[in-house]
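>>> Provided below for reference: sequence and predicted model.
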Amino acid sequence: QVQLVESGGGLVQPGGSLRLSCAASGSIYTINDMGWYRQAPGKQRELVAAITRGGRRNYADSVKDRFAISRDNAKNTVYLQMNSLEPEDTAVYYCNAVLTEWNLRSGDYWGQGTQVTVSS
């Protein structure tokens, strides 16, 4: 069984920063891609940033130059540093991992989500 647990969300003023963390645990053999998605009220879930096991990164245009994704493969953890936050960044942020378990079952796994609210 695999679990992804996010932390680091909260309330921040416009222009502020937050750092999200997501730790994967359980019967993990290897993790390929990891990423962060977000879903605002009334909108579809969208990709924010993704990172491959080798460190190649991909960002949504709306967060380029403000957000930075990183990962620690030894800890099965992915991070999202969010700077210069804007009210439009308000959403529930979800961690995602594409991984293979020890039983060789591969799949897409999601965390429970963490709320980020940007407001004065």
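Nice, thanks for sending it over.

>>> and residue 94, how many neighbours?
20 (other CB atoms under 10 Å). To be clear about C-beta, it is placed using only N, CA and C from the backbone, and glycine gets the same treatment.

>>> repeat for residue 97
22.

>>> one more: residue 3?
A count of nearby residues for residue 3, using other CB under 10 Å, gives 12.

>>> doesn't it belong to a strand?
Yes. Using DSSP: H, G, I helix; E, B strand; the rest coil, the assignment for residue 3 is a strand.

>>> which strand residues bridge it?
Judged by DSSP bridges, the bridge partners of residue 3 are residue 25.

>>> now it: how far from residue 84?
Look at residue 3 and residue 84: by CB to CB, to the nearest Å, they are 31 Å apart.

>>> cool, residue 116 as well?
Separation of residue 116 from residue 84 (CB to CB): 13 Å.

>>> can you tell me which residue is spatially central in the protein?
residue 36 (2.7 Å; CA atoms, centre = their mean).

>>> helix or strand for that one, which one?
Here residue 36, judged by DSSP states H and E, is contained in strand 28-39.

>>> perfect, that will be all.
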